[in-house]
Structures are given as structure tokens and as C-alpha cells.
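[1] predicted model and sequence below, questions to follow.
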Amino acid sequence: MSESITLADAAPIAIDISKAVVAARDHLSEIDAATGDGDHGINMAKGFKLAIDRLSGKPFDLRQGFATIGDTLLGDIGGSMGPLYGSLFTEMADTLDGKEAIDRDGFTAMLRAAEAAIVDLGAAKVGDKTLIDVLTPSREAYEKAVGENKDFAGALTAMRDAAAAGLESTRDMVAKLGRASRLGERSRGVLDAGAASCELILRTLADGLLARLAA
Amino acid sequence: MSESITLADAAPIAIDISKAVVAARDHLSEIDAATGDGDHGINMAKGFKLAIDRLSGKPFDLRQGFATIGDTLLGDIGGSMGPLYGSLFTEMADTLDGKEAIDRDGFTAMLRAAEAAIVDLGAAKVGDKTLIDVLTPSREAYEKAVGENKDFAGALTAMRDAAAAGLESTRDMVAKLGRASRLGERSRGVLDAGAASCELILRTLADGLLARLAA
Amino acid sequence: MNRVINDPDQVTEDSLQGVVRAHPDLLVATDHPRVLRRPSSGEAPRVGIVTGGGSGHEPAFLGYVGPGLVDAVAVGEVFASPTAKSFHAAFREADQGQGVACLYGNYAGDNMNVKMAVKLAAKDDVTVKTVVANDDVASATPDEADKRRGVAGEIIMWKAGGARAAEGASLDEVIASAQKAIDNTRSIGIGLSACTIPANGKPNFTIDNGTMEVGIGHHGEHGIAVLPVAPAKEMAGIMLEKILADLPFGGEDVSVLISGLGATPLMELYLLYGHVDEMLRAHNITPRHRFVGNYFTSLEMMGVSVTLTRVDGELDRLLRAPARSIGLSVFPA
Amino acid sequence: MNRVINDPDQVTEDSLQGVVRAHPDLLVATDHPRVLRRPSSGEAPRVGIVTGGGSGHEPAFLGYVGPGLVDAVAVGEVFASPTAKSFHAAFREADQGQGVACLYGNYAGDNMNVKMAVKLAAKDDVTVKTVVANDDVASATPDEADKRRGVAGEIIMWKAGGARAAEGASLDEVIASAQKAIDNTRSIGIGLSACTIPANGKPNFTIDNGTMEVGIGHHGEHGIAVLPVAPAKEMAGIMLEKILADLPFGGEDVSVLISGLGATPLMELYLLYGHVDEMLRAHNITPRHRFVGNYFTSLEMMGVSVTLTRVDGELDRLLRAPARSIGLSVFPA
Ligand SMILES: Nc1ncnc2c1ncn2[C@@H]1O[C@H](COP(=O)(O)OP(=O)(O)O)[C@@H](O)[C@H]1O
Ligand SMILES: Nc1ncnc2c1ncn2[C@@H]1O[C@H](COP(=O)(O)OP(=O)(O)O)[C@@H](O)[C@H]1O
Ligand SMILES: [Mg+2]
Ligand SMILES: [Mg+2]
Ligand SMILES: [Mg+2]
Ligand SMILES: [Mg+2]
């Protein structure tokens, strides 16, 4: 089993993530409708579809793929998701700058940058019922696995599981940020939309890397 | 069987007519909704209810009852019905001026005045799918019965039957006046709202007089 | 029916209370509870402008009372003509000794009530002349144009008549300008959902989901065709085709008025305007005056109407003249 | 969903086309497709006013661009904040060398995008200061007032800031006046029916027939209570109680703004205004400025909002200052 994937080989994952978001459009909007304004899927799908268009036809690697997604979200998608996921992908791409491949430690840097981007901008904490409730435990589980000397694949699997658990954890939370926060206790009992999209993105990313590691 | 009824004895008929219209409020609106704007019952009920209020508490005879209905419709009810039925009741009341009682020939004058009031103002002809399709055949049937030497009760019965037939005749007509006229062929197949209220008024009037003639 | 009302039978009365409290500078109550007028202004006497019609079309009719527009308005029940006595009282309020121009829409009830009111006014020696708006091309064929309904084109008629009166013109001149405005105006509407008269409590007509009624009237009167809902661009095409076929527009300036029927969002009215503007220019017709908004509504009906007016030098001047009201304001240049 | 649109994903773009065609005197396109601005005027340079927000609230936000009001607007998707790049471009368009006041509403997305845009502008040496409207009393308790949403009170903030800029005030003075306006403003809404984002195709929240949601947000955010629909008089009482408890109004002049949320007929807004006016006067509060209409909507939502502002001498002067825009016009006195 290889321990590193070239950014060129990993490039299609940027498309996979985008396609997964586009396919989840209605699902994400439905979740958002329960506590927010029901547009999470619309905004996300519009942005990622645009990114797919921009990536089509020319060669790119994973860094360029993420950079294009980041740019597109920042430039064309408003709402909270434009700046949040826009910064997330931009910062992730930046950690790949000058690199040829992604490995276990490179992925640590990428996850840290992703989390920092979101926290800097949105100041969400774990328990606020946002996408941070997926992102932070995922980053922590990944680092914990690395600390326990798991290989890249093992750490990715740990992250993927933590993302799923993080998403589920938002169900019993009371929203403290964003539109849903105005709901108070009434926001309890349903998942958070941003957490759902974040879990989808991390899962698709992990699955793409795992498939290539196993190849 | 008596052949004449004092206007004092007949006074409650003004209330009976008003109450009948108020009770038919939703029914009349429904008919109007099929080809018009669905407010015929509302306007009519509002006006006749107001007339009941104005008549309550003080003594009045049939002339005063009709005059009050006429005044109220003219002064407080707009639409087509205010002027049309307002003039109808005002002109009917005028034919009772200075009289003590209503008899077969007095009723002829009253019916003629009612019809003239409507035609003067609205210029409707039989076949236009309006209340004239009730009023004109009713007046004609009444006069025909009188010409055949029927008594007051017999003439009233003939009028009442003609009103019902007149109403039914509007079902197969294409509206030529009022809001429904813009419908053209699409107005065929349903009754006319004004014809329905006119039939109700004439029937209640006839029934009230017949009951008193039989007493 | 989720409404902001008290007694459903008293919505008109209750609403008028709020109007006079909100706009004492534009509208004041009169001795007649269903007549509002401009407050006395101290201006030189001129021809008075009166209109009137059923409630539920706000800002029409009372929303066009104000400087440069209407002087007094008769207010009917929801979707019902005001009474003859109301029109008569409005004539009295508007009259400044120069006569009154009653500019109203072509509906059976309004025709009868105005007719009776004009007779009553004649007894008081108030001269009233009338112009009856019949701009709705969908409501009758050209050879029966006198049967056509008055719809949003009435606003253009009021603007022209009101501006002419403000210029100090005679009653006959005011009538002529208002008549000219409406003669050069054509409208058509598309209905997308029904509305509910509060006193009725349920919709008095239906427009099935996914369908549109082309040529619908302001009270849900049936139109000329029920079609599947078309894209906005096609709606614009359908409406312009009917209008342009009716009055030879071409190579000249027009006024375009797009009115929502109530519940259609403003962003959709602008979206439609974009197509109408583009298509007119393709026909070599220049939209010189442009009005987009909820100018003449039908409670919470969804839908739109398009009103086109051929504008010559005189109408251009009258449309540009300053005016102020709830529904329409034109700033001094 | 019976709408006047083409591609449901393109409603914002398509609508902007119509806006600039309809009002070239008020709004022109810029290099950035989601930014509109006032046409260049040749006036002396002054502080630029920028706002922005999601579409679907028309006439907000673009409808408040015009003389005496906003200089440039960033336009988002339906119910979504404009991008950081849009806000940034709007800052550039509005800047006349005297700095820019960005007056916007308190939503997570807008906060983030404005924050990023202010940073981008700093790189171009454009000074931007912000005021964040948080007038919706229903959206957080007084001790968490910084979490409150901005709703129709934004209009009062724009009017005050725009008028102050037109007076030639400095950026800090403009910011201070806009901040004072919003600090003295409180709003609350009642929702009566849901709305449908075109791209969604179905309502994104529900309000059951026969119920009202007190304190609803402009995007259907849940309010503080779902109750059976009350008579208008009670609605007025419920809304005023919340507002008056939050800011000690009394014995002074106020501005009252009643906005429909989209589909509620104008006659009902006036009906509600009547009750609000009466109740305020009973509290010895005088409505000095009165606005009734569809000022800040949510597509075709039914419902109303009430906005009260304590008005001192300065705010009175700023509210009276002339202004012209799609949504609000104040005539020169
Ligand atoms: N400050 C924040 N930090 C991180 N995530 C946030 C923050 N505020 C909101 N979110 C996320 O945004 C999601 C909603 O996104 P979306 O519906 O697209 O935007 P909007 O709320 O503007 O309609 C929420 O479910 C939540 O996860
Ligand atoms: N010119 C007319 N003459 C006689 N009756 C008429 C005329 N025009 C309309 N009507 C009657 O008016 C009825 C409709 O009344 P109503 O619904 O109360 O008024 P509106 O049409 O103003 O809503 C029609 O059903 C028809 O019978
Ligand atoms: Mg959302
Ligand atoms: Mg009717
Ligand atoms: Mg009617
Ligand atoms: Mg949103």
C-alpha cells in the first residue's frame, strides 16, 4: 500500500467532491429548511457546479482544483458558505503549494488550515451546531490516529468516522450561530446543514484518497 | 279568499325578503363566482342586513319597508346591485304612495315600475343573462294571468312559476352584460347570480302575499 | 385565510381609518365616510378630478389622490363600485367652481353609479364630465371596445387629467387630455393565482397551479386563454403581441407601466420589464416613461399587467409633470 | 409555483437586467455584474453609502439607491448574502475619496462577506466603516442585542446615513448618524404564510393556515411564538408591546414604518397602521414620520412588520431630507 498520492493523480477528487455537493443539493436544502432558510443546497450546488465548469477542459492537479473551488466560492457564492468554504478550499490549496504529492503529514497541515480558516472567519466553537462540529473532531481524530502511528489510510478512516459522528452530534445541539441560532431550543432534534455538507466533503475527500492508496 | 292586503299587514314581507337575501349570501356569491367576481351575495346581504337594522324598532308599512330597502341599497351598497335593486325597491315603493292596500292591479303597477327601473338604468334585454331574465317574464306572466282573469293569488302563483323558469332559462344563456359578459361562451351552463337573487325576492314577495291572501 | 383584519365585513372602513392617519398631507376624511379628498391647498381654483372604484386594488384608487393627480375619491366595498351617493359626495368635494372631471373605469356598477351621481350633481349645479377607461384589450374585440374594462391604464388617464387640471386647463380640455391618454393606452394582464375577498373567506375563482390565465380581469374575470405557465419572456411576448395588434404602435415613444396584481414579487416585475423593454426596442418603440411596481392590484392575486401608451408631445409633458401620491410620485425636474 | 421568471437559477441576473432598463436615472450597471450604482452626478465628492443583501426582499436593497440614500449596492442570490468580491466592488464604486459607509444587516453571511471585503478595500486604500443593523427585537434578548437581525429598520438607517452624507458630513459623522438611527430603532414582524425561493420550487418553511408566527425573520426564520391568527388590532398590540418594552419610548416623536412582507394587501397594511397610530398616541407617542407599504419584503410571504424609531432633532432633519429611489421618495419641502 502506497503512503503518498501525487497531486495529479488526486485531481479528480476535486471533481468528485463538487459532484457530490451538486447531487446533495435538495437534501442539504431540506436540512437547512428545518432550522434555517432552506437555501444551503442551492448556494452550495451553484458554487460547486460553477467550479466543475471552470475545471473542465484543462489539466489541473489537486492544488489547482481546490484553488479553483475556493476562488469560485469566494467570488461567486455569497451567503455564509461563500466566505467559509471559499476560505477553506483556498487555505487547503495553499498548503499544497510547491508540493508534488500529498501524504499523511501533508494532510495534517491541510486539515489544520481548513479548520483555522473557518474559525478565523466565523468564530464558531464545537457545540455551536455548525460545520465546525464536523471539522474539528475530524481534524482531532486524524491527528490522534497519526499520534498513534496509524498509516495515512488508517488516519483517513478515523477522520471519516469522526466526521460522521460529528454530524450526528449536531442533532442534539442547540444552534448558537447563524440563522438557526435564533431558534434556541427549537433547533434541537435536527442535523445542521453546514455540518452535513462538511461531512460530505470530508467523506468524499477521504474516500478518494483511500481508493488511490489502495490501488 | 280576500283580494287585497293592507300595506300594514304586508309590512313583514319587507323583512322576510331581506332575511331571505341575507340567508342566501353564500349561495349567491357562489353562483357569481362561476362567471363574475363572487361578491353578489356579500353586497346583497350587507345591504339587506342594514335595511333590517333600519326597519327594526319602529312601525312601518310595506311602502316604507320597500322605501327603506331602496334608500339603503342606493346609499350604502355600491356595485351594480346598489343602483339596480335600489331603484327597483324605490320605484316599487313609489307606486304604493298614498295607498292603504295592495291588490291585483296595484301589484301590476308595482311590477311594471320594478322592471322599468332596471331597464332604464342597465339597458338589459331578455336573453342577456341578467336579473331581467327573471323580472320581465315574471311581469309578463303576471299580466297574462290578469288578462285571463285569474285572481290576485292566481296571478302571483303564475308570476312565481315564471320567475323560477326565468332563473332556469339563464343557465343556457351567454352573458351579454356585466362582468360575466367578458366570458362569452364560457358563461354558458351556469345560472346568473342577479337572476337568482331576483327570483328569490319575487318568490318571497309572492309567498308572503299568498299566505296573507289565504289567511 | 391569514389576514391582517378585524371584522371581515368592515375591512374597507377599518382600512380608511389608517389611510387618513398615515397621510394627512395627502388625504383627509370628508362628511361622507366613503369619500376622501386632498386637504384644502389655497391654490387657485381649477377643475376637480374625481375617481372611484372598489377597494382591494390599492394603491388604486385612493392612492392616486394628491397634487397633480386626483382631488377626491369615492371608495367602494372590496371589488364593488362605490355608491351613487359616494360619487356624488366626491363631486361636491372636488368641485372648485370650474367643474369636475370624473375619470373612472368601465364596469357595469361604476357606470350606473356615476350616471346616477352625475344627475344628482346637476341638481346642485355642479358640472361633471366623464372619461371611462377601457384599456383592457383582453376584455372585448376592437369593434366592441366600449365594452372593455378599465385596468391599470387608468393611472395614465389620472396622471394626464390631473396634470392638465394643474396647468389650469378648462374642464373640456382636461376631459380631452384624459380621453386622449386612455385612447392611446392598451393593457393586458396575466393571472397566476386567485385571491380571497375577506368577507368571502375563500377564493372566488381558481387558477390551477401550473397554469396562467391570459387576459384575466382585476376581479378574476375570465381571460381569453388558460395556458400552462410560460417563461417570463414568453409572457412578455404574448402580452405585447395582443397590445401591439390593437393599436398601431411603432417608431414612436411610449409609456410602459408594469403592475403586479398583488403577490408577485417586485423582482419578477422587473424581470418582466426587462423583456418588454427589449422587445419594444426591437420593434423600434422607445420606452420613454417607465413604471414598474404594484400600481393596481387585486388583493393577493399573483400575476402582472402590462400597459402601453403612445406618447405624443402633450402626453409626454403631462406624464412628466410633478405629482405626489401614495401610488405615484413624479419629482419636479 | 406560478412565477414570472425564466430559469429559476437565474432570477437574480434576469431581474437586474430589468432594473437597469427601467431606472437608468437611478441605477446603472458596473463592471461587476452584481453591483449597481447611482449614475455619476457631477456633485461635490462626499462619503459613499453602500449596502447589500440577498435578493427577494425588493425594493430592498437596490431599491434604496438614489439621491439622498445609497450610492452602490451589492446584490446577492435570493435570500443569500452578496459575495465578498461584490461588496468590495460596491465599495470601489461608491468611494469618492471621502471613505465609504457600509450600512447593512446583521446576518452571518453578510458579516463575513463585508469583513473580507473591508480587508480587500483596505488594500486599495479605500476606508470603509460599517454599521450593522440589528433592529429585530424578536431575534434575541436585549442582553444579546448584537445577535439581532437587521430588518426593515435598515431603511431608516440608510435614510439617516444617506441624508447625512448628502449634507457633506465626514465618514465618522455619517457612521455616527446611521448608528444613532439604528440604535433608536426597533422592529418586529408577524408572518402569515410562507414563500418559495424560485430555485427551490417549494416553500422552505410553513405557517399553517389559521396561525401566525410572531417575530418571524425575513427568510422565514422561526419567531418567538406561533399563535392562532389574531384580529389586526391584537396584532398591533402584540407587536407594540414587544417594541415598547425594549426601548423606552414615551412622550416623544417617532417614525413608524409598516412594511408588508410581500403578499399582504396594502389595504391591510393601512388597517394595521390605524391601530398602531391610535395605540401610540394613547401612550403619548406621536407618529411624526409615517411609512406604509412594501418596503422590505420576502418574496410572496404574507405578513407585516412594524418598525419604530425614536426621532430627535437630528433624525427628524435627516428623515425629512429629500431623497429619491424605487423604494422611498421624500419630496423637497
Ligand atoms: N459562524 C459560522 N461558522 C461556521 N459555520 C457557520 C457559521 N454560521 C453559519 N454556519 C453554517 O452555515 C450553515 C448555513 O449555511 P447556508 O444555509 O448556506 O447560509 P445562510 O445561513 O446564509 O442561508 C449552517 O448550517 C452552519 O453550519
Ligand atoms: N345592466 C344590467 N342590468 C341588469 N342586471 C345586471 C346588469 N349588469 C349586471 N347585472 C346583474 O348583476 C349581477 C352581478 O351583481 P354583483 O355581483 O352584485 O355586481 P358586480 O358585477 O359589480 O360584482 C349579474 O349576475 C347580473 O344579473
Ligand atoms: Mg440557509
Ligand atoms: Mg359580482
Ligand atoms: Mg363586484
Ligand atoms: Mg440564506
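    Cool, the structure landed. Ligands and ions are numbered 1, 2, ... in the order given.

[2] in three-state terms, label residue C:256 for me.
    Assigned with DSSP: H, G, I helix; E, B strand; the rest coil, residue C:256 falls in the strand class.

[3] how near is it to residue D:294?
    Plainly put, residue C:256 is 21 Å away from residue D:294 if you go by C-beta to C-beta, to the nearest Å. For every residue, glycine as well, the C-beta is placed using N, CA and C.

[4] mind giving me the packing neighbours of the least confident helix or strand in chain A by mean pLDDT?
    Comparing helices and strands within chain A by mean pLDDT, DSSP states H and E singles out helix A:25-35 as the least confident, with a mean of 91. Under the contact definition 3 or more C-beta pairs under 8 Å, 6 or more residues apart in numbering or on different chains; DSSP states H and E, helix A:25-35 sits against helix A:40-55, helix A:193-214.

[5] check the gap between the closest residue to ligand 4 within the stretch 201-333 of chain C and residue C:191 for me.
    Across the stretch 201-333 of chain C, the shortest distance to ligand 4 (C-beta to the ion) belongs to residue C:219, at 7.3 Å. Distance of residue C:219 to residue C:191, computed by C-beta to C-beta: 10 Å.

[6] ok, the two, which is more surrounded?
    residue C:191 (30 against 25; other C-beta atoms under 10 Å in any protein chain shown).

[7] need the pLDDT of that one.
    Here the pLDDT value assigned to residue C:191 is 98.

[8] how about the contacts made by it?
    C:207, C:212, C:213, C:216, C:220, C:223, C:261, C:301, C:302, C:303 (C-beta atoms under 8 Å, 6 or more residues apart in numbering or on different chains).

[9] please compute how far the helix or strand hosting it lies from its chain's middle.
    In this assignment (DSSP states H and E), residue C:191 forms part of strand C:185-193. Mean-position distance between strand C:185-193 and its chain equals 13 Å (C-alpha atoms, centre = their mean, to the nearest Å).

[10] who are the packing partners of the next helix or strand after it?
    As assigned by DSSP H and E, the chain's next helix or strand after strand C:185-193 is strand C:211-214. Secondary-structure packing of strand C:211-214 (3+ C-beta pairs under 8 Å, 6+ apart): strand C:185-193, strand C:225-228, helix C:232-246.

[11] ok, residues contacting strand C:211-214?
    C:138, C:188, C:190-192, C:207, C:222-230, C:235, C:238-239, C:303, D:2.

[12] one step back: nearest to ligand 4, of the helices and strands packed on helix A:25-35?
    Checked against C-beta to the ion, the stretch from these lying closest is helix A:40-55, at 42.6 Å.

[13] gap between that closest one and the chain center?
    On the basis of C-alpha atoms, centre = their mean, helix A:40-55 sits 14 Å off its chain's mean C-alpha point.

[14] okay, now the closest residue to residue C:202 other than its chain neighbours: neighbour count?
    Spatial nearest neighbour of residue C:202, excluding adjacent residues (C-beta to C-beta, 6 or more residues apart in numbering or on different chains): residue C:196 at 6.0 Å. Per other C-beta under 10 Å, the neighbour tally for residue C:196 reads 19.

[15] need phi/psi at residue C:196.
    phi -120, psi 120 (degrees, to the nearest 10).

[16] surely it touches residue C:300?
    Yes: Residue C:196 is within contact range of residue C:300, at 7.3 Å (criterion: C-beta atoms under 8 Å).

[17] run through chain C and note the low-pLDDT ranges.
    By pLDDT under 70, the low-scoring segments of chain C are C:1.

[18] whichever residue of chain A sits closest to ligand 2 in helix, strand or coil?
    At 40.0 Å from ligand 2, residue A:38 is the closest residue in chain A, using C-beta to the nearest ligand atom. Classification of residue A:38 by three-state DSSP places it in coil.

[19] is any part of stretch A:42-51 close to chain D?
    Yes: under the criterion of C-beta under 8 Å from any C-beta of the partner chain, stretch A:42-51 makes contact with chain D via A:42, A:43, A:46.

[20] circling back to that earlier point, residue D:105: which of the contacts of residue C:191 is nearest?
    The closest of the contacts of residue C:191 to residue D:105 turns out to be residue C:302 (C-beta to C-beta; 26.9 Å).

[21] now that closest one: how far from residue D:326?
    From residue C:302 across to residue D:326, the span is 21 Å (C-beta to C-beta).

[22] now the residue of chain A at minimum distance from chain D. Nearest residue, chain neighbours left out?
    In chain A, no residue comes nearer to chain D than residue A:38, which is 2.6 Å away by C-beta to the nearest C-beta. Distance criterion C-beta to C-beta, 6+ apart; nearest residue to residue A:38, sequence neighbours excluded, is residue D:204 at 2.6 Å.

[23] touching, the one you found and residue A:26? I think so.
    No: with contact defined as C-beta under 8 Å, residue D:204 does not reach residue A:26; the gap is 11.4 Å.

[24] more crowded one of the two?
    residue D:204 (23 against 14).

[25] and the contacts of residue C:191 as a markdown table, adding neighbour count?
    Compiled in a markdown table, those are given as follows (neighbours: other C-beta atoms under 10 Å in any protein chain shown):
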| residue | neighbour count |
| --- | --- |
| C:207 | 24 |
| C:212 | 26 |
| C:213 | 26 |
| C:216 | 31 |
| C:220 | 27 |
| C:223 | 24 |
| C:261 | 28 |
| C:301 | 28 |
| C:302 | 26 |
| C:303 | 29 |
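
[26] most widely separated two among those residues?
    Greatest spatial distance among those (C-beta to C-beta): C:223 and C:302, at 14.1 Å.

[27] thinking again about what came up before, please indicate which of the contacts of strand C:211-214 are buried?
    With burial judged by 16 or more other C-beta atoms under 10 Å in any protein chain shown, the buried subset of the contacts of strand C:211-214 is C:138, C:188, C:190-192, C:207, C:222-224, C:226, C:229-230, C:235, C:238-239, C:303, D:2.

[28] re earlier: mean neighbour count, distance to ligand 1 and mean pLDDT added to the helices and strands packed on helix A:25-35, as JSON lines?
    Converted to JSON lines, the helices and strands packed on helix A:25-35 look like this (neighbours: other C-beta atoms under 10 Å in any protein chain shown; distance: least, C-beta to the nearest ligand atom, whole Å; pLDDT from 0 to 100):
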{"stretch": "helix A:40-55", "mean neighbour count": "23", "distance to ligand 1": "3", "mean pLDDT": "94"}
{"stretch": "helix A:193-214", "mean neighbour count": "22", "distance to ligand 1": "2", "mean pLDDT": "97"}
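
[29] of all those helices, which lies closest to chain B?
    helix A:40-55 (37.9 Å).

[30] for the closest one, packing partners?
    helix A:12-23, helix A:25-35, helix A:62-76, helix A:81-95, helix A:193-214, strand D:72-78.

[31] any chance of those in CSV with distance to residue D:46 as columns?
    Below are those laid out as CSV (distance: least, C-beta to C-beta, whole Å):
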stretch, distance to residue D:46
helix A:12-23, 44
helix A:25-35, 41
helix A:62-76, 30
helix A:81-95, 30
helix A:193-214, 40
strand D:72-78, 13
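
[32] highest average neighbour count across those?
    strand D:72-78 (a mean of 28; mean count of other C-beta atoms under 10 Å in any protein chain shown).

[33] separation between residue C:222 and ligand 1?
    For residue C:222, the distance to ligand 1 equals 41 Å [C-beta to the nearest ligand atom, to the nearest Å].

[34] does ligand 5 sit close to stretch C:210-229?
    No: using C-beta under 5 Å from the ion, we find that stretch C:210-229 stays clear of ligand 5, coming within 5.9 Å at best.

[35] in whatever helix or strand residue C:176 lives in, what's buried?
    Assessed by DSSP H and E, residue C:176 sits inside helix C:171-183. Judged by neighbour count (16+ other C-beta under 10 Å), helix C:171-183 contains these buried residues: C:171, C:173, C:174, C:175, C:176, C:177, C:178, C:179, C:180, C:181, C:182, C:183.

[36] rewinding a little: so which of the contacts of residue C:191 are in strands?
    C:212, C:213, C:302, C:303 (DSSP state E).

[37] which of these sits closest to chain B?
    residue C:213 (11.4 Å).
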